[in-house]
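K.L.:
What would the 3D arrangement of this be:
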Amino acid sequence: MVDYFDLNKLELTEQTIKFLEAVLSASVDGIILTDNAQNIILVNEAFCNLIGENKSDLLETNIFIWLEQFDENAMIHWSELEKKIHLKNSIHDIEFKKTKNGVVRYYSVNASLLKRVSIEERGFIVSIWRDITERNKAEQKLKGSEESLRSSKLELEIKNQISKVFLTVPDAKMYVEVLSIILKTLKSEFGIFGYLDENENLVEPSLTENVWKKCEIKDKRIVFSKKLWDKNIYGRVINEKKSVYVNKFFNVPEGHVPISNFLGSPIIYDNKVIGILIVSNKETDYEENDVKLLESISDLISPILVVRLERDRIENIRQRAEQDLKNSEEKYREAYERANFYKSLFAHDIRNVLQSISSSEQIFSLFLNNPNKLKEREELLEIIRRQVNRGNILISNVQKLSQLEEIGISLKKLKIQEVLE
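P.N.:
Here you go, the predicted model:
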């Protein structure tokens, strides 16, 4: 006959087990119980669903068998987890990652040492597994949004600084000031802010005194013809109309400052490259974020720079026109003065010729009816003939001087004494 008390105790135990099983089944989190040998002795359906296995396949198997299906660090994490539990009795929010069929899932594990009821239960660990994949995605998205917000804020600050420079700093210093902001932002040692002139020469007004002193290349310059820049990495940036970055040391000419890495971006307006931004010698590698930031700065600079270049072009045309006008005025003034000089010279000499002819004619008239003055009359006629010839020579010389002026032969003063000596 079975003891009534034993029957009640058995019934109570069965009810307790069923109650515990119901509690485990109701949990949305995966729950497993492992013994001191890391064998699974209890598991709920939620855990089975998390890892995609049947309960019958999991029970009485070693947990490391299943952890092998997680990432390569999963077994190491569990071993460390076990050690910490024995020291602290519990651990929280240990992350595990599992990849299956290209799909990555993340799990957060909280575990504690089960309170010992008997000697046999020593070292039992109950662990609660929660799928945090969606939470991680949300956190990453939030983190990305925060980084994007910080990046946008930084970008806005930089753009405001550059815009202020364009509005307040004269041309002579503007290029240097803008480049200084860019170098500080991208943590770079050297850089160039240059533009292409009307003849496609690359002009680099931003070369600072510091860089100029360090560069020991012979025949240093700030203007480079297309023939020069077209063959180097600048040409690649300009011709391909896209940013280029290289994270390695460059082979540079003797005396050139060493270049450990490089990032260049074209300044484009209306699909035409009008300038270039170059930074180099960053302590760490240039990355895509650096490229995006420099391109954003290039986009900001583009419409402002094109206005400045057009203004400078018009100013150069105006200055050339003024100089041409000044030269023309000078030329015509000199021509007018020479004409007056020739006129005065001609008038003076021709007056002497006419005066001589007139005097000879008057004396000739006095000797006209005197037969004894035949010789004198011949001499007077000879004087008149010489003066007429002199007049012709004078006219011819004036014509020759004007022809020299027309064909562009310049006249210059000479000291006749030096020539004669």
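
K.L.:
And the chain, what are its domain boundaries?
P.N.:
Each structural domain of the chain that the record assigns through automatic domain parsing is listed here as a residue range: 4-131, 145-318, 320-420.

K.L.:
Mean pLDDT, mean neighbour count and distance to residue 139 added to those domains, as CSV?
P.N.:
Yep, even glycine has a C-beta here, placed from its N, CA and C like the rest. As requested, the domains of the chain are arranged in CSV below (pLDDT from 0 to 100; neighbours: other C-beta atoms under 10 Å; distance: least, C-beta to C-beta, whole Å):
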stretch, mean pLDDT, mean neighbour count, distance to residue 139
domain 4-131, 80, 14, 10
domain 145-318, 84, 16, 10
domain 320-420, 75, 12, 64
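
K.L.:
The spatially most central residue of the chain: what's it in contact with?
P.N.:
For the chain, the residue nearest the mean C-alpha position is residue 277 (3.0 Å; C-alpha atoms, centre = their mean). Residue 277 sits next to 182, 191-193, 264-267, 294, 297-298, 301 when contact means C-beta atoms under 8 Å, 6 or more residues apart in numbering.

K.L.:
Can you tell me which of those is nearest residue 134?
P.N.:
Within the contacts of residue 277, distances to residue 134 taken as C-beta to C-beta reach their minimum at residue 294, with 35.8 Å.

K.L.:
Enumerate every residue touching the closest residue to the closest one other than its chain neighbours.
P.N.:
Spatial nearest neighbour of residue 294, excluding adjacent residues (C-beta to C-beta, 6 or more residues apart in numbering): residue 265 at 4.5 Å. Residues in contact with residue 265 (C-beta under 8 Å, 6+ apart) are 237, 243, 276-277, 291, 294-295, 297-298.

K.L.:
and residue 265, that one's in a strand?
P.N.:
Yes: under the criterion used here (DSSP: H, G, I helix; E, B strand; the rest coil), residue 265 sits inside a strand.

K.L.:
re the thing from before, would you format the contacts of residue 265 as a markdown table with secondary structure and distance to residue 328 included?
P.N.:
Conversion of the contacts of residue 265 to a markdown table gives the following (DSSP: H, G, I helix; E, B strand; the rest coil; distance: C-beta to C-beta, whole Å):
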| residue | secondary structure | distance to residue 328 |
| --- | --- | --- |
| 237 | helix | 43 |
| 243 | coil | 48 |
| 276 | strand | 39 |
| 277 | strand | 42 |
| 291 | helix | 52 |
| 294 | helix | 48 |
| 295 | helix | 48 |
| 297 | helix | 45 |
| 298 | helix | 43 |
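
K.L.:
Closest one to residue 64 out of the residues you listed, please.
P.N.:
The closest of the contacts of residue 265, once distances to residue 64 are taken by C-beta to C-beta, is residue 291, at 45.2 Å.

K.L.:
Name whatever forms a beta bridge with the residue nearest to residue 294.
P.N.:
Beta-bridge partners for residue 265, by DSSP bridges, are residue 277.

K.L.:
Please determine how far it is located from residue 314.
P.N.:
The spacing between residue 265 and residue 314, counted by C-beta to C-beta, to the nearest Å, is 27 Å.

K.L.:
same thing with residue 127?
P.N.:
With distances taken as C-beta to C-beta, residue 127 is found 77 Å from residue 314.

K.L.:
and if you look at residue 379?
P.N.:
74 Å.

K.L.:
What of residue 241?
P.N.:
Separation of residue 241 from residue 314 (C-beta to C-beta): 26 Å.

K.L.:
Same check on residue 293?
P.N.:
With C-beta to C-beta as the criterion, residue 293 and residue 314 are 33 Å apart.

K.L.:
for residue 62, same thing?
P.N.:
Using C-beta to C-beta, residue 62 is found at 84 Å from residue 314.

K.L.:
Next: residue 29.
P.N.:
Using C-beta to C-beta, one obtains 74 Å as the distance from residue 29 to residue 314.

K.L.:
next one: residue 237
P.N.:
Residue 237 sits at a distance of 28 Å from residue 314 (criterion: C-beta to C-beta).

K.L.:
of the contacts of residue 277, closest to residue 54?
P.N.:
When the contacts of residue 277 are compared for distance to residue 54, the smallest value, 55.9 Å, is given by residue 294; criterion: C-beta to C-beta.

K.L.:
Hmm, that closest one is touching residue 186, no?
P.N.:
Yes: Residue 294 sits in contact with residue 186 when judged by C-beta atoms under 8 Å, with a separation of 6.8 Å.

K.L.:
Now do the shared contacts for these two.
P.N.:
With C-beta under 8 Å, 6+ apart applied, the overlap between the contact sets of residue 294 and residue 186 consists of 263, 279.

K.L.:
Look up the residues forming beta bridges with residue 40.
P.N.:
Bridge pairing for residue 40 (DSSP bridges) gives the partners residue 34.

K.L.:
how near is it to residue 383?
P.N.:
Look at residue 40 and residue 383: by C-beta to C-beta, they are 147 Å apart.

K.L.:
Then residue 272?
P.N.:
Using C-beta to C-beta, one obtains 79 Å as the distance from residue 272 to residue 383.

K.L.:
what does residue 32 give?
P.N.:
According to C-beta to C-beta, residue 32 and residue 383 sit 144 Å apart.

K.L.:
Could you do residue 363 as well?
P.N.:
As it turns out, when the distance is counted by C-beta to C-beta, residue 363 lies 9 Å from residue 383.

K.L.:
Equivalent analysis for residue 162, please.
P.N.:
Computed with C-beta to C-beta, the distance linking residue 162 and residue 383 is 88 Å.

K.L.:
can you give me the strands in this protein?
P.N.:
Ranges of strands in the chain, per DSSP state E, are 30-34, 40-43, 90-100, 103-113, 125-131, 188-196, 202-203, 223-224, 244-246, 262-269, 272-282.

K.L.:
who wins for proximity to residue 347 among the ones you listed?
P.N.:
Between residue 347 and the strands of the chain, the shortest gap by C-beta to C-beta is with strand 223-224, which sits at 54.6 Å.
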